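K.L.:
build me a model from this:
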Amino acid sequence: MKISDIVGSGPWPYAPADPVVGFDIGSRGSKGVLLTQDSIYTTFIPTGLYMQETADELLTRLLRDSGLKRRDIAFVVGTGYGRISLAYTDLPYQVVTEITCHAMGAHSLNPRTRTIIDIGGQDSKAIKIDPATGKVVEFVMNDKCAAGTGRFLEKAAVLLGLDLHELGPVALEANDPAMISSQCVVFAESEMISLRARGERHKDGAARANIAAGIHFATARRVKSLLGRIGTEPDLVFTGGVANNPGMWHALETLIGAKFARSPIDMIYAGALGAAVHAARHHAAALAAGTARRAARAQARTTASPARKAAARATAGRKTAAAHS
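P.N.:
Numbering: from 1, shown residues only. Got it, this is the predicted structure:
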């Protein structure tokens, strides 16, 4: 995709001088973004057992799609659950926290972003950022309980006999969302099983959709409680692996009473995009440092030159005097 298709015809301040890559290695799914001066490439795969192999597969796909070679990549930044397992010997790389990368990814696409909800496989976060810089001002996280995470939605889909990608659309068909009152996942699962059994007994064709909607609202209530601790300011952006679930969009927007800003790319890639932007910055800093070192060496040679000439003249003079003596 052309960067101009995403940000319009004006210059994009985050375009790299040379191709860079960002990886977001999540607990359930992994995302990759490759940035060039005028294009952005994205790819997604399930996270494997070995994080480095997952990253290598992402890079292989990005290089294939872009037509670039491995040697063309100027810098790599990894983020997400598996970032600490990444290591390269042939590519310069760094790791950056996922909160920082999600903030930068959202900001780079929409500079007005102030509040982010990030829901991943194992945790959920509410993040407040500075719209002038894209830096994190404050954040809160739920990583102690599966409620309010993508893992909870996965388990709900299995209990309802659905694939995960079907859960959100089915929830939108609800006419009376079920009330899932339990805050604990274990008890919420028991509620779902009871509600489904009741619907089947009464031949209630709408029961599954109502339960699916109830699960989304239960998850959204947990996430909304995070926002209550940092506040909600527009523009509001939804990122993370659950960001392409329309049922969760609907539940969150209904409970929060505000709309999420739309983006021209799937915001499951926000973390990887932010990582790629940070990769561009690291590369630019390395180039600037190299230029500064070369300038310093040149300056040192220039400064030392008169002294060397004077020493050479003195040496020549002593040799001449010695010859005449």
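
K.L.:
where are the low-confidence patches of the stretch 101-250 of the chain?
P.N.:
143-147, 181-188, 200-205 (pLDDT under 70).

K.L.:
all helices of it, in order?
P.N.:
In the stretch 101-250 of the chain, the helices defined using DSSP state H, counting those that start in this stretch lie at 150-159, 164-171, 185-201, 207-230, 246-256.

K.L.:
which helices and strands does the shortest one pack with?
P.N.:
Using 3 or more CB pairs under 8 Å, 6 or more residues apart in numbering; DSSP states H and E as the contact criterion, the elements in contact with helix 164-171 are helix 150-159, helix 207-230, helix 246-256. C-beta coordinates here come from the backbone N, C-alpha and C atoms, glycine included.

K.L.:
contact partners for Glu253?
P.N.:
Remark: with contacts taken as CB atoms under 8 Å, 6 or more residues apart in numbering, Glu253 is in contact with Lys259, Phe260.

K.L.:
which residues are contacting stretch 190-209?
P.N.:
Residues from elsewhere that reach stretch 190-209, judged by CB under 8 Å, 6+ apart: 156, 159-162, 170-171, 173-176, 178, 180-182, 210-211, 214-215.

K.L.:
derive a PyMOL selection command for the buried subset of those residues.
P.N.:
Burial among the contacts of stretch 190-209 is assessed by 16 or more other CB atoms under 10 Å; the matching PyMOL selection reads:
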select buried, resi 156+159+160+162+170+171+174+178+180+210+211+214+215
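
K.L.:
go ahead and confirm Lys224 touches Ile256.
P.N.:
Yes. Lys224 is within contact range of Ile256, at 6.1 Å (criterion: CB atoms under 8 Å).

K.L.:
identify the contacts common to the two.
P.N.:
Overlap of the contact sets of Lys224 and Ile256 (by CB under 8 Å, 6+ apart) is empty.

K.L.:
which non-adjacent residue is nearest Leu287?
P.N.:
Taking CB to CB, 6 or more residues apart in numbering, and ignoring the residues beside it in sequence, Leu287 has Ala17 as its nearest neighbour in space, at 7.0 Å.

K.L.:
count of residues packed around that neighbour?
P.N.:
Other residues within reach of Ala17 by the criterion other CB atoms under 10 Å amount to 12.

K.L.:
ok, now which ones touch it?
P.N.:
Ala17 makes contact with Gln37, Ala74, Ala280, His283, Ala284, Leu287, according to CB under 8 Å, 6+ apart.

K.L.:
try 10 Å this time
P.N.:
Neighbour list for Ala17: Thr36, Gln37, Ala74, Ala280, His283, Ala284, Leu287 [criterion: CB atoms under 10 Å, 6 or more residues apart in numbering].

K.L.:
do the same with His282
P.N.:
Contact criterion CB under 10 Å, 6+ apart gives Val20, Ala74, Phe75, Val76, Val77, Pro92, Tyr93, Gln94, Val96 as the residues in contact with His282.

K.L.:
and these as JSON lines, adding pLDDT and neighbour count?
P.N.:
Rendered in JSON lines, the data for those read as follows (pLDDT from 0 to 100; neighbours: other CB atoms under 10 Å):
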{"residue": "Val20", "pLDDT": "98", "neighbour count": "26"}
{"residue": "Ala74", "pLDDT": "97", "neighbour count": "20"}
{"residue": "Phe75", "pLDDT": "98", "neighbour count": "25"}
{"residue": "Val76", "pLDDT": "98", "neighbour count": "25"}
{"residue": "Val77", "pLDDT": "98", "neighbour count": "29"}
{"residue": "Pro92", "pLDDT": "96", "neighbour count": "15"}
{"residue": "Tyr93", "pLDDT": "96", "neighbour count": "19"}
{"residue": "Gln94", "pLDDT": "96", "neighbour count": "16"}
{"residue": "Val96", "pLDDT": "97", "neighbour count": "22"}
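
K.L.:
sweet, I'm off.
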